[in-house]
Structures are given as structure tokens and as C-alpha cells.
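[1] got a sequence here, can you model it:
(2 chains)
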Number of protein chains: 2
Amino acid sequence: MANVTKKVSWSSRDEGTGESTPLLNGAGKDSARYSSQQCLNSSILGRLSAVDLDDQSSEDTETSCLKEIPHSEKLLSSKYESLDYDNSENQLFLEEERRMSSLEFRMLEISRWVVCALIGILTGLVACFIDIAVEQLAGVKYIVVKHSIDTFTEVGGLSISLILWAALNAAIVVVGAVMVAFFEPVAAGSGIPQIKCYLNGVKIPHVVRLKTLVIKVFGVISSVAGGLAVGKEGPMIHSGAVIAAGVSQGRSTSLKRDFKIFEYFRRDTEKRDFVSAGAAAGVSAAFGAPVGGVLFSLEEGASFWNQMLTWRIFFASMVSTFTLNFFLGIYHGKVGDLSNPGLINFGRFETEAMEYNIYEIPLFIFMGVMGGVLGAIFNTLNYWLTIFRIRYIHRPCLQVTEAVLVAAVTATVSFAMIYFSDDCQPLGENQAEYPLQLFCSDGEYNSMATAFFNTPEKSVRSLFHDPPGSYNPQTLGIFTLSYFLLAFWTYGLTVSAGVFIPSLLIGAAWGRLFGIFLASMTNGSIWADPGKYALIGAAAQLGGIVRMTLSLTVIMVEATGNVTYGLPIMLVLMTAKIVGDYFVEGLYDIHIKLQSVPFLHWEAPATSHALTAREVMSSPVTCFSRLEKVGNIVDVLSNAAMNNNGFPVVSEFSASDEPGRLCGLVLRSQLIVLLKHKVFVERAHSSLIQRKLQMKDFRDAYPRFPPIQSIHVSQDERECMMDLSEFMNPTPYTVPQETSLPRVFKLFRALGLRHLVVVDEENRVVGLVTRKDLARYHLGKHGLEEMQISQT
Amino acid sequence: MANVTKKVSWSSRDEGTGESTPLLNGAGKDSARYSSQQCLNSSILGRLSAVDLDDQSSEDTETSCLKEIPHSEKLLSSKYESLDYDNSENQLFLEEERRMSSLEFRMLEISRWVVCALIGILTGLVACFIDIAVEQLAGVKYIVVKHSIDTFTEVGGLSISLILWAALNAAIVVVGAVMVAFFEPVAAGSGIPQIKCYLNGVKIPHVVRLKTLVIKVFGVISSVAGGLAVGKEGPMIHSGAVIAAGVSQGRSTSLKRDFKIFEYFRRDTEKRDFVSAGAAAGVSAAFGAPVGGVLFSLEEGASFWNQMLTWRIFFASMVSTFTLNFFLGIYHGKVGDLSNPGLINFGRFETEAMEYNIYEIPLFIFMGVMGGVLGAIFNTLNYWLTIFRIRYIHRPCLQVTEAVLVAAVTATVSFAMIYFSDDCQPLGENQAEYPLQLFCSDGEYNSMATAFFNTPEKSVRSLFHDPPGSYNPQTLGIFTLSYFLLAFWTYGLTVSAGVFIPSLLIGAAWGRLFGIFLASMTNGSIWADPGKYALIGAAAQLGGIVRMTLSLTVIMVEATGNVTYGLPIMLVLMTAKIVGDYFVEGLYDIHIKLQSVPFLHWEAPATSHALTAREVMSSPVTCFSRLEKVGNIVDVLSNAAMNNNGFPVVSEFSASDEPGRLCGLVLRSQLIVLLKHKVFVERAHSSLIQRKLQMKDFRDAYPRFPPIQSIHVSQDERECMMDLSEFMNPTPYTVPQETSLPRVFKLFRALGLRHLVVVDEENRVVGLVTRKDLARYHLGKHGLEEMQISQT
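    Model (predicted):
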């Protein structure tokens, strides 16, 4: 089972090698942590033991020691590495910083702005490309199908049209599904959970690679044009993040090009800031919501608010929406027109027509409750479905088959809805782009087709703005139900696609229905405009599913272009969140949990004051001394059981069991670079001389440090010594053993740490706290619960 | 001079007692820190010395040791205490937390929401009260003056009208000025710098007291109704903060009422969060900008972003604008109408009429440059004026006189402008509320009077929305110049008033002028609407003066109610900030610096990596042992020279000079409470028994802990011992001596610390870092500069 979990995880495909067949050989219910320790040959180094499960496990433990893991969401996977948002301020780093003049710092600042501008421009261009490609492709498809339907309506044999439509959809979707399933599984879905994890400090493999971006872009085009119940907005956030990660590093490892620029930014701290900007730029391009984008980045990622950083993020967002706007203006033939700020445009809400009254507020709150309940149902269904997928649909070919099936079913359902609908509306000004006459009389069109025979963005817009009477209640009711089922089935497919637009569409449909119902109750008061209720319903449904708060309010307000709706949208989102949270978590959080990601929330569980660092930490810790034997280091790094990433450096080892005094912290990545460059201390009988390393050497290796296996160390070299003084961080953050968990948590989270050393009162190392030690406590129904850590 | 600085400082009036006459008895230019040490009798306790200048000085040092301090902005005052945003997690605290069930934590969370709702409602009501009071009072004034002018225009003798106007203004202003100058100087100005300081972690005395709120509210009514060139928006932020501080504590010390609720919130950490919410609610009520309010709070205060907190702040903001809206709706006779979200309302911008084109963007950027330059001039002039005021206008009666003078001059200038203006416009639909005919023919009105004979809010609105041609260019030019001079003179007067509206008004005037100029150049293209340029000019001028960034963009966008202007407003604000920063700091920062507040910026200066904790820290440190003699404690606390607020507790004192091992940190306030309750360890021959203290005892004393002088300790008691183990924080944050300044800074700022203990490698206390140690480094023109610390 554990292996099954691994198979479908966001990024596992090319992680290990021993995963060709699912192994369900385990039966015991021991904790994975315990079992892994049992299986390991832990005698390599006597004073070391497996403490810092902060890394992906190696293959041999995987294949030999896997147990059945009954509920993967109750586990934390140890395969995810952490990002290090705390600079390792070693001597090299400090020397470099001290050499820099204030002019150089100013130049750096300017280049940060340049990078942000580039991020904005490229994100805008990508959004523009996606938009145009989808519109063209979907346009061709709808014209072909419409032609077929128009033809066969008269002569009979509409089933041929249905088959044509389903086949077209499936053909388009299969391209994207194959790309995602076979080449880059991490490009599936909206990418928002992955970016949340990245900003939280968890390294999801491949998440910010160029290949992921390419597959994401083409994947989303195929799934939207293929008529799935998905949107192209969520993936923009991921795309922006990848662009940011690429641009800011001034090189592409995939393309093997190094432009030798922005080298200073090659570390987690700086990269994270740019990725925040990229995610914000993505939101901004998706919804035309630059402020919402900034808030999204802050809400999901930033723990430390910095004014200049925020301002740069905002700049990237603005540039992104502006670029999109500008090029879409050119595409639509109106150069200089700035009316397309985002991929989704809610259209213009006329303030006069759609003003709300204070007496409507209870109604809005009621809609919020509905949104929360419906969202919780959606999430629960999707959760079960995802569990099912984890168990049974884990091979790429099965995944592609499912995607094709969904595409065909979507077309069939749509067709059936349109076919059986008798809701004819006169062709007016607000007509749909591809009006289907079908069985309606001349001069009329089928209103169900407006909702189904269209890209979802346009359907949302028509639900918001079509004049009262454009839809009859039955149409809306059936549409809501069928689209709800399609959308929950679609989310989690192995295609690149977002859940924002389907949520909005479902909400807009039942919101409009609610509005019509109200209007019929009151016989034409101010409540007569169902578009207003469609908007509120859309907000409620989206809020009930994704549970974002401040950022979503601002995104919705910016997308409507009208500040007036701020209050009702906020009320609705808040209600939906409170009601929804009562039942089940938000959709993204569910998927993060199902992947067993060690995600750190904002605060430690409220009732965790009873725990202290002593209970939380991993102990004993593998330590090095300042002058350590190379052989020792290689052994520790090669020991798969001790996949630590940070090693405290201690001043001396006493003969007794007493741990040494802390004098620094050295990272696995640093040791790897040192070993690679053979920075060994010269011995009398050896010709090795210590090469002077520079920060550049570490930056060049970032972020794909080679594995220890690839570094050859001769037997002679094993006897050398390595002086860590210059490379270790001499001032790691420490806490005493008695520190309460919330206090440890706060320090860890506020500073974005990866390792926190626990010391006793004489500054001797007694333990090490890593992300997983903190992430495993959560507030369950029966008080504080502790999750197990699995090796996969 | 030092004493002069003190006299005019925000809050000094009732701080000390020995300040009746300004003493300019010093001549040397030694640093105040050095001189203060010279003057002190530092032999009280041999092992202690003056290190942690974290407190207000006592009177005797003030009167005897003051030196002339030539430029007070190059100094840091040691009179400001810090707030402690890090919980002291001592045994009592942890025991209490551990006793609490998760249900109780949930109740706490609910009560936080209740407090936020109360904050929002009360802030909205206060805003409503101010708005109505100003409107009524100004209405009466304008009607009287208009009647007089109308009368005397025909019969001659307009000078009587002028005198009437000036006298009325002066009479109204004098009330506010007297209240502020004599009763609560901290209520002067907008209060934004003070709230910035509070959120930054500096305790400005009296800043969140009920008395300050009352004086602020009536002060702002008097200054706006008195016709000064001020706005009522800035003070709302301060008012919201005071309301929040009051409500969240569930008691009023001034009114001596304790409602016995919200006792859990009686500490700096919780209070800060509520004050953030209050400030946001204030912004929200002032500008109808709930999102802008949240961003303001975050931009100015929060260093640690927490999703739930942000959401609560947003809730308070929304409630505040809603309350204001609701009650103003009732006041205007339209119950249920929600069109008055803020005190200032930019009016409705019709999107069609005021669309901008991409070609206009360079023009907007140019206006941003102008705004930056004009803002820098404004700030520089105001800076000189403030220096002048610090030197010469420091007595309350002089301050009141100046305020009255400004009020009279404002009336005179306005009158002269109106009198000499020959800009007559036909009375149309968009007529002013109090149209003055003066020398215009019948059916016309004097357009200069629209700008001057009106509250500034209404003038801003008419500049934005009056149809093209309502003002002629000369009128606007003269108005800009005269209002610019009036506004810079007015800011810093001893009255409660804000600078937002005057800035907007100046900018709107020259922006409109610019628009008219453009229109005349191009002969009626899209640029024909000068209202659009008025808006951009207003943004540019405001940005050039206050230099806020993201929050101001959002505030402006929310106030216009139209998202379309997001991009140009952002560009303009960014340009204005960059250009303005080149010359001089923002107005609020200038005033904070002039008060020598130890304000911590976002990051340590870029070039400060060369400094380490060893150079930065204060050393040696006054330490206590776990079991300390009461006499010792009293002596240390009473020693005015050692006005420390935090004392490391060490495990043992060796006989040699070796410092002891750190085992905790105890605060002055905690010691005071312990002394007050005589929590002494029982001795064999004494009848004293140790009373069991609870968190409640500390909370009851918060925040006004009595001075040590008020606590009587008998000679017998001095011989007792005090056991600090239970009350000290056993896990204070520490850093090693070699930690670089940026790293120390980051830890300190991210966690909102007040004391950071510096330890050596064996965990022995070697120093203590406090706010002033960090705030005194700044990047000057010649690299890193260090400010001196003064005693005043």
C-alpha cells in the first residue's frame, strides 16, 4: 500500500528505481518509522542513529521494508526534503557580504526588480498564449460540432454528432493526459497544492522545472479545449512560479544553459521570494487581480512580511496583468485597450442595476451556508475518489484511460442535457458565441447550450450577465447537478487543470437559480437581478471548496471590477469557510494531506504547550567535529538510514557519553560540495593541497547537488581530515530542551528554518528538530494526535 | 536642548516632574550615553553597570546631566520603553496553558472575533460621530459667513466678513488646540507615526489611552470645522487603535472600571494584534477601504503574518466600514443605503468617461515624478519647520497661539483668494453646497469658493468630478500654491489632524491643471477629462508625501471604487516614492526620527554583516541568580542608571569574573509584581510565607506596573530571598557572540523580541541585545553610521 501511495504521488515517477511493481507484502501495523529502523543495518557507525528523516529514502529500504500503510493521510512521508529559508552564514558567506559595497547591494536590489519585471512579462505572455490557444482550439471544435449538429438536427442521426463531439474531446484530452501521466506527473492538477508546499518550505521534486512548465501549459490547453469541467486559471499560478524559479536563477539546468547572471540569487531564501512573486503574477494574470495575487502569495507562503519584497511581488503582479492585457488587446484587434486584465473576466457589473440592500445580507449569509455545505460534499466525494485512485488507478495508462473516459462522458452528458432541454430563448444581443438552435424554432436558441456548449469561462460570464429570463429554473437545476458531478470527478485526473472555474460555474448556476426563486417569491423588487445572486453563489461555492479567505475575497472583488461587492463577498466566503471547515478541510489541504506532505500550519496546535523540545526532537544526533575524518563523513552521508541533511558540528568529543559543545551546523549539500572538490586538509605524506573554495562553487552546484554515490573517494583520501570551520554555519539557532512546542514552532516557522539544534544548559547538543518533528502533531478529535512517519 | 526636545515630544508632558523650565545648561558635545554614565553613582552594585538603556530616565539624571544635543534626529532617545511581543513562557504561564482544554481555546478564539466585531462597530460609530459633528459645525459656520458675505457684498465692508470668518475659525480651532496642548500632547497630528511606532514595538506613553481618544476626537472635529488645511482621516487610524486597545483589555484604567472579561488578552502580544485590527478598522472607516486597512496594518506593523489574525483584522475592517455606512445612511435619511463606506468618498468614477489609454502611461509616470518632487519639497519644508518648532514653540500657550494664528491666516488667505478671483461659473447641477456669488453675475458662482469655502473632502470631490471647464487654470494654480504652503505650515501644529486630505487636495488641483493643459494641447481627445488627471495627481502628491506603497494603492483604488485605476495609481505611487526617497524620507518617518524613536526597519542595513552580536550588545549585563536576595533586587531596580527591563537569570556565580550560565530571563515588571506581593522565600526566623502567585496577578498589574519607588520593602524583608525559578522565562532566545548583525536583527524583528541574550559557547551570559542596540545602526551617506543614545 505504501508503494501504491508512492506510485501516484505528485512527483515520484523518476525518483527511485525499485518501483516497477506494487509490493503489498506488509501486514503488520507497526509504525513505518519503527519498521524502518528494524530493517536497517544500523551498525555502520556506532554513535550514529537514524534521527533526521528529512530526506527521500533510498531504494533498498523501500523494496525490503515496506509495510501496509492503511490511511496514508495519517502519515507523514519522509521522502520530501525541506527547503532552507535560513541563510547558512558561514565564513565564506560573511566574507563575501563584507566585501560588497553599498553600491553593489543597490545593484542587487535593482536586479531583483528586473527579475520581477521579467517574471511578470513572461507570466503574462504564457497566460496570453494559453488563452489564445484554448480559444482557437475550442473554437474549431465547437464550429465542427455545431455544424454537425445543425446538419443532423434536420436530417436526423444526431448520435453521429454525439460521437463526433465525444471523439474530438477525447482526442484532445488524450494528448495532455499522456504528457502528464508519462512525462511529468507533478504537472497534474492545478499545481496550487504543490506551490503551497513549496512556499511552506517543502521541496516537491520537479515542481519548478522547465519541463513541468512546458507540460503544464500544453496540458492545460488540451484539457480546457477538450471540454473537461476544468479551468485554466489554477495552472497559471504554478506556471508563474516555475517561470520565477527559472528566471531568477539565470540558467536552466534542463537546457544546460547558464547565463552567468543573477548568481547571487542561487539559494533557497532568494528563490523563495521570487517564486512568491511568480505565484502572485500567475494569480494576477489568471484573474486580473494583482492585489489578490500578492495576498495569495502572502497567505500561502510568506511568514515574514517584508515591505520591499511585497512591493516587488506587487510589481510583478502588475506587470503580468498588464502584459496579458496588452497582448490580448492586440489579439482582439484593439491595440491599447486595457479591458482584458485576466484570463477570466467576470464582465462589467453595472453598479446601479446590481446594487444590494442591507436586507439582502441575511440571504447572502444563507447562500454562504449553502456554499459551505455543497463545498464540503464536493470535497468529501473528491476525497473518496482520490483514495480510490491512489489504490487502483496508479499506472499511467490507466490514468490516461480515465481521462479519456471523463472527456467522453462530459461530452455525452452535455449533449444529453442540450438534447433533452426544451428551454428555448430568443436570439438577442447577449447571444452565445455558438448558439445552437437544435429543436428550437427559428430566431431562438437552446439556452442549455449556452452553459454546456461553451468554454466554462464564457458560461460563467453569461450566468452573471444574461438578462433575467435567459435561463429557466429547470435548466439551471439540472445543469448544477450534472456539472457538480462532472467537476468532482474531473478534479484529480492526471491532466493539468484548475478547479476555480468549475466551482464558480456550479455556484453561479445555483446562485442564479436562487435569485430566480427569490424574484418569483417577491414579484420584482430589487431582487429581480439573478446575476447578482449568481455572483454571490459563485463566491460561496468557490469558498466552500477551496476555503481561501482574504486573498479570495480580493480576487473576486478585482475580477468583478467593483468594490461595492466587497462586503457581501467577504461575508459569504467567511460563512462558507466556517460551515465547510466544520465538516471537512479545504480541497487543497485534503490533497496535501493525502500526499503525506509535512506541511507546517500557521501555529502549533493550541493544546500543545505540554510538549517540549525534549519530546519533539530527534535524538541522538549525528554530529561531526570541526576537524573530521573524510572516511567518517562519507560513511555518514552514504548511510541510507541516516538521511540527515544537517549535522551539528561540535567542539570536542569527550571519552564519555557526554555530547560535545555546539559550535556550528553543516549541511549535507555543503559536505557534498566539499567532497567533490576534495577540500581536505594536507597531511605530511600526501600531495593533496586544500583548494580555496568560494561561494560560487556552492552556487554552481545549487540546487541539484549530486548524490554521495556519484563522488569517488579513494582509500587514501578517506584517511584525510576535513576542516569544517570555514564552511559550517557557526551561529545556528538553538533552543533549550525545556522550550515548549509552540515556542519551538514559532521560531521555526517565523524564520523558515530547516534544522533547529536543541542544546542543554551547557550548550551541548542533545537533539535536532526538523520539519517532520513539528508537522506530525495535529489537533484531532480526541485532542493532540501524533502522525507516524513513513519512508515513502 | 535635550530638554527642549523632550518638551515637545509626543508624550512628555506628564512624564517627569523636573521639566518646568527649559534647561540649556550643557555645552559639551559628548555623547549623551557617555555623559550619563559619568554622572551616575555607579558603585551601588559592583558587578552591575548601565547597559540596557531601555527605559525612561528618572528625573535626577535629567536635571543634572543634560547636554546640548545639536541634532535630535541623529539620536535615539532612551526614554521609550519597548513592548514585548514574545510571551514570557514561565512556569505559571505554561501551567495555565496546559490546564486549558481545546474547548477553552476555541472559546478564546471566539472571544477574539467578538472583540474584533466590537472594535469595528465602535470605530465605525466614532467615525460617524466625527463626520456628523464636522458637517454640522462647518455647516453652521459656512452659513453664517456666507450670509455675512452675501450681505456685505452689496453694501460694502467685506472686511467685516473676513474678520468674522477668521474669528470663527480661530474660536473653533482654539478649543481643540487647548485640549491637545494642555491635556494630551500625544493626541496631536494624525497619530499615524505613533501607531507605526506602537506596532513596531515601541511604547509611546499614553498613546492608547481613553483620554487620548476623547481629545483626539474632539480635537479633530475642531480643527476640521475650524477650516484648517487638514483632514479627519489620519486621526481615525489612531482612534481605531485606541478603541482596540481599550476593548480588548475589558477594562479602563482611566475610568477605573474592570469588566473582568478578556483577561487572557492582557499582555503585549495579544494587545498588539487587536491594535492592528483597530488601526485597520480606522483606515477602513476613513477611506471605505477594508482591504487597504488590512494592508496598512500589515505594512506598518506585522512582521509575522498569520492567516487567522489577518482574517480577523479584515473582519474588524469590514464591520467598521459597514457600521459607518449604515449609520451615515440613516443620517442622510436613506436607511439601508450603503453608499458611504468611508469618511472621504471619491465619488463614482464612471468607467466609460474616464477610461485611460496605454499611451497615457508615460504621462502618469511623469506626474508621479512631479508628485515625488513636490512631496520632497513639502517634507523638507515641514522638517525645517518642525526643527524650528522644537527649538522655539515648545510651551503649550505658544503652541495654542500658533494654531490660532494658522486658523486666522487660513481664513484670510482663503478670503483673499476668493475675493481676487474673477473665475465665475454658471450655477449648474454640480453646484457647490455653499455657492458664493460675490462679484459674479446672477446665476453664477465664484469657482475659487468651491475649493476654499468648503470642507476639504468636498473640494477634493469637486476637483475629481466637476465637468471640464468648472475651473480656470489660474484659479487652480493659485489654489495649489497657497494650499501647499498652508498645508505644510499646518502639519505639526498642536491640533489633531491628518495630512491625507490636504495632500490629495493639492495633488488634485495640480493634476487637474495638468489635465486642462493637456486637453488644450491636444484639442479634445480622450484626455479631455481633467477629473482623471486630478485623481492621478492626488495619488502622486499623497505618495510623494507619505511614501506608503501597497496599502496606499489599495486604499486609493477602494476609495475610487473602481479597479480599473489600479495600474496607473500603482505606477504613480511607485514613481513618486522612488523620486521622493532620492531626496528625503517620508513625512511620518521624518517625524519619527525627530522624536528619536528607536524604530526598527524591515531589515538590518545591507552592509552590516561586518558587525556581530559582540559589538552590538550591551555588556556587562546585570544578572540575578535563581535565588536572589530581595535587597539586591530592590537596589538594582531602584538604580536609575540601570534602567534595564530584562535581567538574565544565571545558575551560579563562580568566585572569579566568569559570568554564570544562563537559565532564564526575568522582566522588571515581573519583579515588581513579585515585590509588591512579597513573594519571598520563608526564612527560619521569619513569619513571611510565600504566597502562591497566579497569572492573574501579573495581568491585573498590566500594563501600568507601579514604579519601584512605590513599593515599600522593610529592612527585614531585604534580607529575604526570592526564588525566581517559577517566574522567569526559562527558555529565552539566545545567540552566540559571533552572530552577524543581520542575523540578530532578523531574529529580533521576526519574533518581536525585547531582549535577546548573547551567550558564549558554554552558554554563559556575555551580553544583552535590546531594541536600541539594533536601531542605532543605519545606512548613511558614508556607509554604516551609528547613532548616539540620549537620556531624553
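
[2] what number of residues lie near the residue in the stretch 351-500 of chain A that chain B sits nearest to?
    Nearest residue of the stretch 351-500 of chain A to chain B (C-beta to the nearest C-beta) works out as A:Ile358 at 4.3 Å. C-beta coordinates here come from the backbone N, C-alpha and C atoms, glycine included. By the other C-beta atoms under 10 Å in any protein chain shown criterion, the neighbourhood of A:Ile358 contains 15 residues.

[3] give me phi/psi at it?
    phi -60, psi -30 (degrees, to the nearest 10).

[4] what does A:Leu75 give?
    Torsion angles at A:Leu75 (phi, psi; degrees, to the nearest 10) stand at phi -120, psi 160.

[5] burial count for A:Thr151?
    That count, for A:Thr151 with other C-beta under 10 Å as the rule, works out to 13.

[6] for it, pull up the helix or strand it's in.
    A:Thr151 is part of helix A:102-155 when elements are defined by DSSP states H and E.

[7] in terms of pLDDT, where does A:Gly234 sit?
    Turning to A:Gly234, the model gives it a pLDDT of 87.

[8] and the closest residue in space to A:Gln437 that isn't next to it in sequence, how many residues sit next to it?
    In space, and not counting its chain neighbours, A:Gln437 is closest to A:Tyr445: 5.8 Å by C-beta to C-beta, 6 or more residues apart in numbering or on different chains. The burial metric for A:Tyr445, expressed as a neighbour count using other C-beta under 10 Å, is 22.

[9] three-state assignment of A:Tyr445?
    Put simply, A:Tyr445 is strand when judged by DSSP: H, G, I helix; E, B strand; the rest coil.

[10] show me where the stretch 201-350 of chain A has strands.
    Chain-ordered strands for the stretch 201-350 of chain A, with DSSP state E, counting those that start in this stretch as the definition, fall at A:202-203, A:251-252, A:257-258.

[11] adding distance to B:Phe599, write these out as TSV.
    TSV is the format used below for the strands of the stretch 201-350 of chain A (distance: least, C-beta to C-beta, whole Å):
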stretch	distance to B:Phe599
strand A:202-203	35
strand A:251-252	40
strand A:257-258	42
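
[12] mean neighbour count, distance to chain B and mean pLDDT added to those, as a markdown table?
    Written out in a markdown table, the entries for the strands of the stretch 201-350 of chain A read as follows (neighbours: other C-beta atoms under 10 Å in any protein chain shown; distance: least, C-beta to the nearest C-beta, whole Å; pLDDT from 0 to 100):
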| stretch | mean neighbour count | distance to chain B | mean pLDDT |
| --- | --- | --- | --- |
| strand A:202-203 | 20 | 17 | 88 |
| strand A:251-252 | 16 | 25 | 78 |
| strand A:257-258 | 12 | 26 | 78 |
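
[13] let's verify A:Asp86: helix, strand, or coil?
    The three-state label for A:Asp86, taken from three-state DSSP, comes out as coil.

[14] now the nearest residue to it once chain neighbours are set aside: how far from A:His591?
    Using C-beta to C-beta, 6+ apart and skipping the chain neighbours, the partner closest in space to A:Asp86 is A:Leu753 (5.1 Å). In this structure, A:Leu753 and A:His591 are 25 Å apart, going by C-beta to C-beta, to the nearest Å.

[15] equivalent analysis for A:Cys663, please.
    Distance, A:Cys663 to A:His591, using C-beta to C-beta: 42 Å.

[16] cool, and A:Trp384?
    Distance of A:Trp384 to A:His591, given as C-beta to C-beta: 13 Å.

[17] so which of those two has more stuff around it?
    Here A:Trp384 and A:His591 are set side by side on neighbour count (other C-beta under 10 Å), and the busier one is A:His591, at 25 against 11.

[18] contacts only, for that one.
    Contact analysis of A:His591 by C-beta atoms under 8 Å, 6 or more residues apart in numbering or on different chains lists A:Gly189, A:Pro193, A:Thr386, A:Gly492.

[19] that one sits in which helix or strand?
    Here A:His591 is covered by helix A:587-594, with elements defined by DSSP H and E.

[20] buried residues in that helix?
    For helix A:587-594, burial by neighbour count (16 or more other C-beta atoms under 10 Å in any protein chain shown) applies to A:Leu587, A:Tyr588, A:Asp589, A:Ile590, A:His591, A:Ile592, A:Lys593, A:Leu594.
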